[in-house]
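Q: Sequence first, predicted coordinates after that:
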Amino acid sequence: MTPHHTGAARPPAVRRAGAVLLTALLLLLGLAAYGAGAPDDLELSRWDSPGTDSVAVQDVLREEFGTGNPNLALLVTAAGGDVDAPRVRTAGRELAAGLAAHPMVTDVRSYWATGDPALRSTDGSRALVLARLEGSATETRAELAALSPELARETEVFTVEVTGQEEISRQVGERARQDFLRAELLILPMVTLLLVLVHRRAAAALLTVGTGLMSVLATLAGLRLLAQFTPVSVFAANLALVLGLGLGIDYSLFVIGRYREERRAGVPPEAAVAVTVRTAGRTVLYSGLTVAVSLATLLVFPFFFLRSFAYAGVLVVATAVAGAVLVLPAALLRWGHRVERPAPSSGAAGGPPAGRGGLWHRAALAAMRRPLVSGAAVLAVLLLAGSPVLGLRFGLPDERTLPEGASSRVATEERNAHFAAEATDTLFVVSTGNGPFPEEETEAYADALSRLPGVFQVESPAGLHRDGALAAPPVREPDDPGGRVRLAVVPTQQAMEGGVPGGVPGLVASVREVPAPYGVLVGGYPAETSDFRDELLRRLPLVAGLVLTVTCGLLFLMTGSVLLPLKATVLNLLSLSVMFGALVWLFQDGNLSGPLGFTPLGAIEPSIPVLMFCVTYGLSMDYEVFLLSRITAARRGGLGTVAAVGEGVRRTAPVVTAAAGILALTFACYAASGVVFLKMLGIGTALVILVDATLIRMVLLPVTMRLAGRANWWAPAPLRRLHARFGLTEGDPRPVPGTTTGDGGGPAAGQGGAAPPAGPGHARAGVRRT
């Protein structure tokens, strides 16, 4: 052992390797058994935004009127083309009565019982039966799994198709579960095969996959445990699979690569593991902190759908870091000889052998020789790819989230094509207090609401109002005149398809803006989705600010530089603009929708870009930390900026390229999903990972550091003292030998500036810091 390593304290993975491995094995078995039941304990969600008017209206309708949003719809098509035919009327009433007898159904309205024109198609061939299933999203959708096949039927009188918000959401959740299982079957074999090719050692591939698999199982078990105390979305399991496997593999590649590097330098196995934990292990910890912080900011939102991804993200990071820093080093101590290569080989995980570079190393050197030309060319490509984001439009999801041919989508599209009104998306207006209220004031208010663009009719205690006048008698039992006033504003089909200014949110806003004779609240499904969107966008600047501020702080603690964290932020935002540009170009504008198998919506549901921002920003910083840790270590080892950048790229490019390719592949598996937002998450995240690991980290980062020169390492005196006290420097134990160039790039800059690693003695000679 060289003198450099003898005085270092041995980490737990070295001191008690056997105990660590045995504990990990027992934990893995227990976590696998417990985590297997996670999908059954996770929940589905609705578009509720706590504390808003729309949620208050839900409570009023349920508690005082025994009703609520009609979340189940039966589309009835008469065999003879006339829903008013006697035998169709009789069969329709029987259908509605049978549905009303179900214990979870609290309200049923049918065309044949009410004569409501909103429930009859324009050609009279179809009619609707609307119902309200009471219960949580998980309860109602679980019940619909059995009820929906019973309700759907084809007889000699009519055909019944099942749709409505709960049925659409149920089928989305069912597809997501199927995609999760399919991804499990696809990802593990593909990733294992790729890792065998990358490592060229089956043992190394299995250790890497095992670390990722342990993270997935531990995260699922953690989510199941959390679900006993707080709602956790079932979609968090999808993120746990791809992110747990991806980060576990990322971190394992970095750790194994560093271990191999130490062994090639002649360091004994035990010392090599200790050095690996102190250097690569610490970098993995910093990287994990940046990813965890990015995902933890989702806790700012009050929606358990998004908060669930924060739970999954933090658990994934904690378990992946623990596996890479504790369990994997213990495994390397026991089976490291099976991980090492008998002879150095270029281009695989672990870095190229001494004195040789790889493709990205040569590309970085070439870019730094002509930084303005290289930087401008790559910047132009990225800005062009991100330019579609300027046309980003936020919208609300609908049945097109499902693939063509899904039964609820088919029924919904048929209803949209044949009905003038959209009764399932009724807006409910309720008074804030009890009456009695003057009837003439209530009816005048209903008249005013009925005149709004996009309103088909308004149902009041006196009857149905259209175009500012009472047009038909009441279609429901009268409410208590001494209680709250309840009005039902039924929108047109055109309004729900964006045919009014501002789309659906614009319609909701216009209803709320009509002067009322007394205090009112506006709710219903359109109001719920609009309130969800508004609250999401209101908190978005806070989330973005937290992500940028905290990750900049972590990078400062790692580098001691003011400029490098700011540069990393700009580069990350640039790579994210490419992802958002792709989302707009593909999923909003519909390019390549045929080959990718989806229907463009013309807008993007805002919660998905927010989720993707937090996930991908953390993953982008992941590679930033890997690269900057090596650049900073080389700089502190005596190299100038240009030489340090070349050395950092040379050491990390093989690992980053392999890790990015595998992580991108795990996300890309969801490109085949039948659910549009999972397809968006898969394609968008895979794209940003590849762009970030190639054009950003291996070209733009070296170029910007070359141009900044000494300014890369500048910090005011107070911050330098802060970093000296609390800094998270990796502290590479092996100095980088060789002669440096100036930060501006002298004669040796074009050759990388960094000399090959020294032999077992780690000799250091002729190093001058500039």
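A: Thanks, I have the structure now.

Q: Can you tell me the SS state at Val389?
A: helix (DSSP: H, G, I helix; E, B strand; the rest coil).

Q: Return the distance of it relative to Val578.
A: Val389 sits at a distance of 9 Å from Val578 (criterion: CB to CB, to the nearest Å). From N, CA and C alone the C-beta is placed, and that goes for glycine too.

Q: what's near enough to touch the spatially closest residue to Thr230 that is not a sequence neighbour?
A: Residue nearest to Thr230 in three dimensions, not counting chain neighbours: Phe304, with 7.3 Å by CB to CB, 6 or more residues apart in numbering. Counting by CB atoms under 8 Å, 6 or more residues apart in numbering, Phe304 touches Glu43, Ser45, Thr230, Pro231, Val232, Ser233.

Q: Show me which pair in those residues is furthest apart.
A: The distance between the two most remote of the contacts of Phe304 (CB to CB) is 12.4 Å, for Ser45 and Thr230.

Q: what residues does stretch 706-719 touch?
A: Contacts of stretch 706-719 (CB under 8 Å, 6+ apart): 367-368, 371-372, 375, 556, 559-564, 567, 635, 641-642, 645, 705, 723, 743-745, 749.

Q: which stretches of the stretch 1-150 of the chain form helices?
A: Taking DSSP state H, counting those that start in this stretch as the criterion, the stretch 1-150 of the chain carries its helices at 3-6, 12-15, 17-35, 38-41, 53-65, 86-100, 111-114, 137-151.

Q: Which of these has the highest mean neighbour count?
A: Comparing those by mean neighbour count (mean count of other CB atoms under 10 Å), helix 111-114 comes out on top with a mean of 20.

Q: can you give me how far that helix is from the chain middle?
A: Helix 111-114 sits 44 Å away from the centroid of its parent chain (CA atoms, centre = their mean, to the nearest Å).

Q: and it, what does it pack onto?
A: The contact analysis (3 or more CB pairs under 8 Å, 6 or more residues apart in numbering; DSSP states H and E) places helix 111-114 against helix 86-100, strand 126-133.

Q: any weak-confidence spans in this structure?
A: Low-confidence segments of the chain (pLDDT under 70): 1-13, 341-357, 728-770.

Q: I figured Val625 hits Thr559, correct?
A: No - contact criterion CB atoms under 8 Å: Val625 and Thr559 do not qualify, at 9.7 Å.

Q: re earlier: let's have the helices and strands packed on helix 111-114 in JSON lines, adding distance to Thr279.
A: Shown next, in JSON lines, are these (distance: least, CB to CB, whole Å):
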{"stretch": "helix 86-100", "distance to Thr279": "66"}
{"stretch": "strand 126-133", "distance to Thr279": "57"}
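
Q: right, so of the ones you listed, which gets closest to Leu151?
A: Of all these, it is helix 86-100 that lies closest to Leu151, at 7.1 Å by CB to CB.

Q: relative orientation of the closest one and strand 126-133 in degrees?
A: Helix 86-100 and strand 126-133 are oriented at 10 degrees to each other (axes from the mean of the first three to the mean of the last three CA atoms, to 10 degrees).

Q: coming back round to it: quick one, which of Val625 and Thr559 is more surrounded?
A: Counted by other CB atoms under 10 Å, Val625 and Thr559 do not tie: Val625 has more neighbours, with 28 against 25.

Q: next one: phi and psi at the nearest residue to Asp84 once chain neighbours are set aside?
A: For Asp84, ignoring the flanking residues on the chain, the nearest one in space by CB to CB, 6+ apart is Gly124 at 6.6 Å. Main-chain dihedrals, Gly124, degrees, to the nearest 10: phi 80, psi 10.

Q: Distance of the residue of the chain most remote from its centre relative to Trp112?
A: Farthest-out residue of the chain from its mean C-alpha position, per CA atoms, centre = their mean: Pro86, at 52.0 Å. Distance of Pro86 to Trp112, computed by CB to CB: 11 Å.

Q: again, but for Val160
A: For Val160, the distance to Trp112 (CB to CB) stands at 13 Å.

Q: wait, doesn't the residue nearest to Asp84 sit right on Asp82?
A: Yes - between Gly124 and Asp82 there is a contact under CB under 8 Å: 5.9 Å.

Q: which stretch among the helices of the stretch 1-150 of the chain comes nearest Gly313?
A: Nearest to Gly313, of the helices of the stretch 1-150 of the chain and by CB to CB, is helix 38-41 at 15.6 Å.

Q: For the closest one, name the packing helices and strands.
A: Right, helix 38-41 is packed against helix 202-226 by 3+ CB pairs under 8 Å, 6+ apart.

Q: Could you check the angle the helix it packs on makes with helix 17-35?
A: Going by the same axes, to 10 degrees, helix 202-226 makes 50 degrees with helix 17-35.

Q: Give the next helix or strand downstream of helix 202-226.
A: helix 236-264 (DSSP states H and E).

Q: and that following helix, how far from the chain's centre?
A: Distance, stretch centre to chain centre, for helix 236-264: 20 Å (CA atoms, centre = their mean).

Q: Next SSE downstream of it?
A: The first helix or strand that comes after helix 236-264 along the chain, using DSSP H and E, is helix 269-276.

Q: on contacts alone, who are the packing partners of that following helix?
A: Other helices and strands packing on helix 269-276, by 3+ CB pairs under 8 Å, 6+ apart, are helix 3-6, helix 12-15, helix 236-264, helix 328-339.

Q: one step back: pull out the buried members of the contacts of Phe304.
A: Applying 16 or more other CB atoms under 10 Å to these, the neighbour count classes Glu43, Ser45, Pro231, Val232, Ser233 as buried.

Q: any chance of those in a markdown table, with distance to Asp425 too?
A: A markdown table is the format used below for these (distance: CB to CB, whole Å):
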| residue | distance to Asp425 |
| --- | --- |
| Glu43 | 24 |
| Ser45 | 19 |
| Pro231 | 25 |
| Val232 | 28 |
| Ser233 | 24 |
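
Q: Could you tell me how many residues sit around the closest residue to Asp53 other than its chain neighbours?
A: Once flanking residues are discounted, Asp53 sits nearest to Leu521: 4.5 Å by CB to CB, 6+ apart. Using other CB under 10 Å, Leu521 has 21 other residues around it.

Q: ok, Leu521 - contacts?
A: Asp53, Ala56, Val57, Val60, Val429, Val430, Thr432.

Q: again, only using 7 Å
A: By CB atoms under 7 Å, 6 or more residues apart in numbering, the contact set of Leu521 is Asp53, Ala56, Val57, Val430, Thr432.

Q: helix or strand right after the helix or strand that contains it?
A: Assigned by DSSP H and E, Leu521 belongs to strand 520-523. Sequence order places helix 525-559 as the next helix or strand after strand 520-523, per DSSP H and E.

Q: in that following helix, what's buried?
A: Of all the residues in helix 525-559, those buried under the rule 16+ other CB under 10 Å are 525-536, 539-540, 543-544, 546-548, 550-552, 554-559.

Q: out of the contacts of stretch 706-719, which are inside helices?
A: 367-368, 371-372, 375, 556, 559, 563-564, 567, 635, 641-642, 645, 705, 723 (DSSP state H).

Q: Of all pairs in those residues, which one is the farthest apart?
A: Leu372 and His723 (30.8 Å).

Q: who has more neighbours, those two?
A: Set side by side, Leu372 and His723 show more neighbours around His723, with 18 against 10, by other CB under 10 Å.

Q: Got phi/psi on the closest residue in space to the more buried one that isn't next to it in sequence?
A: Computed as CB to CB, 6+ apart, the closest residue to His723 that is not its neighbour in sequence is Gly560, at 4.0 Å. Gly560 has phi and psi values of phi 70, psi 10 when expressed as degrees, to the nearest 10.

Q: quick revisit: quick one: the residue nearest to Asp84 and Thr632, what's the gap?
A: Going from Gly124 to Thr632 by CB to CB gives 75 Å.

Q: So for those two, which sits in the more crowded spot?
A: Counted by other CB under 10 Å, Gly124 and Thr632 do not tie: Thr632 has more neighbours, with 24 against 14.
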